[in-house]
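# dropping a prediction and its sequence here:
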Amino acid sequence: MGEVESDVSVSSGPRVGIVYDERMCRHHTPDGEDHPENPNRIKAIWDKLQSHNIPQRCVVLEAKEVEDKHLQAVHSARHVNLIKNISSKQFNSRRNKIARQLNSIYFNEGSSESAYLAAGSVVEVAEKVAKGELNSAAAIVRPPGHHAEHDEAMGFCLFNNVAVAASYLLDERPELGVKKILIVDWDVHHGNGTQKTFWEDPRVLFFSVHRHEFGTFYPANDDGFYTMVGEGPGAGYNINVPWENGRCGDADYLAVWDHILIPVAKEFDPDMIIVSAGFDAAIGDPLGGCRVTPYGYSVMLKKLLDFAQSKIVLALEGGYNLNSIANSFLACMQVLLEGKPVAGSSEAYPFESTWRVIQAVRKTLSAYWPSLTDELPLKLTNQKAPASHLLISSSDSEGEDEAPNPVSENLSAVIQEVLEPLSKLKVEDSHDQMASSSSLWRSELSKIDIWYATFGSNMWKSRFFCYIQGGQVEGMKKACSGSVDRNPPKEVFWKTFPHRLFFGHDSTHTWGPGGVAFLHPESSIGEKTYLCLYRITLDQFNDVLLQENVSSYHMSSPPFDSAALNSIKNQGSISLDVFKKGWYHNVVYLGEERGIPILTMTCTLSDVDGFKSGKIPLRAPCTEYANTLIRGLVEGGQLTEEEAAAYIHEASSRPLQ
């Protein structure tokens with residue numbers, strides 16, 4: 001459709017652009033099966049806006065397909081060619097197979113066109129706002145984009161629409177004067193693709209607030225943790241606010257705006273703002289499980305109007321409840337047109353966990369942003385909602401929490417059967433029960449102490465604390481999420497055990513190339529290994545198990561409970577099936593100390609056979625990893641630096657018998 005504008009709206013208020021094209025509805029599941037990310041999402045938004053005469057007050061723009069050269073500033077040529085051709089006849093026989101190899105992706109005959117229109121539409125509105133032809137604009141596009149990475153489509157996303165638009169303005173159109181862009185991602189899922197695109201780029205301040213739950217919420221990794229701040233010249237320009245739980249609402253998000261985003265935005269002073277505007281944190285969303293109201297979104301957007309001469313672009317990302325996504329988008333359009341939030345109020349307090357996350361983010365980022373240096377007053381942080389319930393703000397759409405979602409009556413089944421990577425994300429109705437169940441077992445296991453015996457990098461206390469309090473130490477390639485209970489160990493002491501220490505495997509995500517430490521599960525006279533023992537709770541031990549093995553298991557129940565603790569004393573070891581893809585899923589009982597059981601985690605005997613046969617390589621550790629072990633042994637008072645180095649060398653070079 002061509003440009004249409006109202007003389008009345010242009011003369012009486014800001015020029016606001018909007019783009020919508022039904023051709024983006026041609027992307028749908030290949031056989032018409034049900035799916036949350038479907039054409040009705042953008043149809044519902046457009047219908048709602050039309051019913052309130054919003055398009056008539058805007059400059060309606062024509063959707064345009066993006067150029068390949070602009071896509072290749074963000075994506076690999078291989079990825080661009082795949083999406084460009086996936087809808088062609090040559091892919092008819094293998095289109096579905098390719099989709100199954102990707103993470104939460106489907107393709108059909110309309111996918112290529114829709115993806116090109118979505119990215120091109122965001123580029124189009126961003127360019128017009130940058131030129132000053134529009135004050136602000138909104139792109140009602142699909143498929144969404146913020147999960148799409150350099151060489152991979154994932155999480156319903158084919159091209160990273162926002163990243164492509166930002167890169168275009170910064171690299172292709174410098175004459176427009178946009179030198180600094182603030183990208184605000186308020187989608188309920190972490191914008192992993194956008195983060196990676198600008199990881200080392202100080203021209204882009206990427207801010208994402210999302211459910212994380214210690215790496216168990218989609219995309220189920222540690223990329224969205226607050227310690228991921230960027231690297232090189234981009235250090236400090238990547239800010240993640242990772243919710244520890246669902247049900248976060250207006251009060252939680254506005255606290256983050258007031259105490260993290262707004263102060264930093266003032267310092268950064270962007271020339272333009274692009275919002276990855278996902279509305280799956282909205283009240284009633286079946287995947288998000290949060291409770292942001294249209295009023296809440298309108299206030300968040302209004303606060304951003306104070307920056308960049310109000311040059312703001314909204315680009316639709318997620319959002320799967322047709323009622324809430326339409327009402328939330330409408331509220332945002334009213335802000336752009338009228339410069340004020342919709343009617344409503346927010347009298348609730350944030351969760352206690354929200355204040356904990358805010359303080360952790362401020363502490364981590366204070367090295368880069370002076371405005372985050374000061375401690376928040378207790379009078380403020382003591383204002384918190386009960387953990388079991390969050391009072392939501394009242395607005396015109398207060399009743400939406402219980403409204404049915406017109407997407408599908410079978411949405412819960414779709415989540416379980418079609419979207420395997422998302423299957424752990426329960427629908428809203430089950431969230432309270434799941435949270436309550438988690439609280440019960442954690443409360444029980446927090447009363448039980450164990451000794452966690454460490455023989456690898458965790459021998460260094462600072463490294464082990466990453467698993468309890470989150471973060472990373474020198475040499476680590478990725479940060480740890482930390483435990484739910486962040487209290488330090490009650491005691492620490494050292495002891496030797498008659499087990500063989502050896503090093504194997506090609507590489508790890510945490511340390512890179514080189515072997516990592518393993519303890520032979522069976523004892524052997526003549527062997528001697530130094531172990532550092534930490535007295536922690538069984539609750540914390542489960543969180544350490546999770547982080548040592550895999551971050552995609554939802555901790556609605558403990559992998560290693562009190563019954564397992566009683567059984568292991570007779571069995572000697574227990575292999576945990578839920579962590580079978582990890583290298584340390586075999587929990588081994590090493591006896592007791594003062595009546596408290598000593599546990600460690602290592603590989604299984606079958607893995608040891610694999611190391612012996614050469615099926616799994618034996619490898620010496622990389623320098624950073626070896627240095628961490630040496631520091632632990634030296635600071636623990638067990639060996640001198642020379643003795644520790646010799647100990648590690650002997651363990652890594654002696655053949656495994």
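Here it is on my side, so go on. Residues are numbered from 1 along each chain as shown.

# just the CA coordinates of the strand or helix carrying residue 78, formatted as CSV?
For residue 78, the host element (DSSP states H and E) is helix 77-85. Taking Å, rounded to 0.1, in the frame of the first residue of the first chain, the C-alpha atoms of helix 77-85 are listed here in CSV:
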residue,chain,number,x,y,z
ALA,A,77,25.9,-15.1,3.1
ARG,A,78,25.0,-18.7,3.7
HIS,A,79,22.2,-17.8,6.0
VAL,A,80,20.8,-15.1,3.7
ASN,A,81,20.8,-17.4,0.7
LEU,A,82,19.0,-20.1,2.8
ILE,A,83,16.2,-17.8,3.8
LYS,A,84,16.0,-16.2,0.4
ASN,A,85,15.5,-19.5,-1.4
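
# quick one: mean pLDDT over the helix or strand following it.
Next along the chain after helix 77-85, taking DSSP H and E as the criterion, comes helix 95-100. The predicted model assigns helix 95-100 a mean pLDDT of 95.

# hmm, residue 188 is touching residue 213, no?
No. Residue 188 lies out of contact with residue 213 (C-beta atoms under 8 Å); the separation is 11.4 Å. The C-beta positions use only the backbone N, C-alpha and C, and glycine is treated the same way.

# what's the separation between the spatially closest residue to residue 96 that is not a sequence neighbour and residue 103?
For residue 96, ignoring the flanking residues on the chain, the nearest one in space by C-beta to C-beta, 6 or more residues apart in numbering is residue 30 at 6.1 Å. Distance from residue 30 to residue 103, counting by C-beta to C-beta, to the nearest Å: 17 Å.

# which of residue 188 and residue 213 has more neighbours?
Comparing residue 188 with residue 213 by other C-beta atoms under 10 Å, the one with more neighbours is residue 188, at 29 against 21.

# the more buried one belongs to a helix?
No. Under DSSP: H, G, I helix; E, B strand; the rest coil, residue 188 sits outside any helix and is assigned coil.

# ok, it - contacts?
With contact set as C-beta atoms under 8 Å, 6 or more residues apart in numbering, residue 188 has these partners: 210, 211, 278, 280, 281, 285, 287, 288, 289, 290, 318.

# ditto for residue 627
Counted by C-beta under 8 Å, 6+ apart, residue 627 has contacts residue 475.

# surely residue 80 is in contact with residue 71?
Yes. Using C-beta under 8 Å, residue 80 is in contact with residue 71, at 4.8 Å.

# out of these two, which sits in the busier spot?
Set residue 80 next to residue 71 and count neighbours by other C-beta under 10 Å: residue 71 wins out with 27 against 21.

# just to revisit the earlier point, what about residue 30 and residue 103, which has more around it?
Of the pair residue 30 and residue 103, residue 103 is the one with more neighbours under other C-beta under 10 Å, namely 19 against 13.

# got phi/psi on the spatially closest residue to the more buried one that is not a sequence neighbour?
Residue nearest to residue 103 in three dimensions, not counting chain neighbours: residue 154, with 4.0 Å by C-beta to C-beta, 6+ apart. Dihedral pair for residue 154: phi -160, psi 160, per degrees, to the nearest 10.

# and for residue 476?
Residue torsions, per degrees, to the nearest 10, at residue 476 are phi -80, psi 140.

# ok, it - contacts?
463, 466, 510, 511, 624.

# is the third one in a helix, a strand, or coil?
Recorded secondary structure, residue 510: coil (three-state DSSP).

# in stretch 344-362, what counts as buried?
344, 346, 348-355, 357-362 (16 or more other C-beta atoms under 10 Å).

# end-to-end on that stretch?
By C-alpha to C-alpha, to the nearest Å, the extent of stretch 344-362 from end to end equals 29 Å.

# count of residues packed around the nearest residue to residue 589 once chain neighbours are set aside?
Leaving out its chain neighbours, the residue that sits closest to residue 589 by C-beta to C-beta, 6+ apart is residue 568, at 4.5 Å. Per other C-beta under 10 Å, the neighbour tally for residue 568 reads 17.

# hmm, residue 252 is touching residue 243, no?
Yes. At 7.4 Å, residue 252 and residue 243 qualify as touching, with contact defined as C-beta under 8 Å.

# quick check: neighbours shared by the two?
Applying C-beta under 8 Å, 6+ apart, one finds that residue 252 and residue 243 are jointly contacted by residue 354.

# who has more neighbours out of those two?
Taking other C-beta under 10 Å, residue 252 and residue 243 do not tie; residue 252 has more neighbours (30 against 25).

# assign the more buried one to helix, strand or coil.
Using three-state DSSP, the structure places residue 252 in helix.

# ditto for residue 295
helix.

# quick one: residue 110 and residue 42, what's the gap?
Taking C-beta to C-beta, one finds residue 110 at 13 Å from residue 42.

# looking at these two, which is more packed in?
Remark: of residue 110 and residue 42, residue 42 carries more neighbours, 22 against 17, as counted by other C-beta under 10 Å.

# show me which of the contacts of residue 188 are buried.
210, 211, 278, 280, 281, 285, 287, 288, 289, 290, 318.

# JSON lines for these, including secondary structure?
Shown next, in JSON lines, are the buried ones among the contacts of residue 188 (three-state DSSP):
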{"residue": "210", "secondary structure": "strand"}
{"residue": "211", "secondary structure": "strand"}
{"residue": "278", "secondary structure": "coil"}
{"residue": "280", "secondary structure": "coil"}
{"residue": "281", "secondary structure": "coil"}
{"residue": "285", "secondary structure": "coil"}
{"residue": "287", "secondary structure": "coil"}
{"residue": "288", "secondary structure": "coil"}
{"residue": "289", "secondary structure": "coil"}
{"residue": "290", "secondary structure": "coil"}
{"residue": "318", "secondary structure": "coil"}
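
# any idea which of those residues is closest to residue 520?
residue 211 (39.8 Å; C-beta to C-beta).

# surely that closest one and residue 289 touch.
Yes. Here residue 211 reaches residue 289: they are 7.1 Å apart, a contact under C-beta under 8 Å.

# what is in contact with these two at once?
188, 246.

# now residue 292. Nearest residue, chain neighbours left out?
The shortest distance from residue 292 to any non-neighbouring residue, by C-beta to C-beta, 6+ apart, is to residue 281 (4.8 Å).

# residues in contact with that neighbour?
Contacts of residue 281 by C-beta under 8 Å, 6+ apart are 186, 187, 188, 211, 248, 253, 288, 290, 292.
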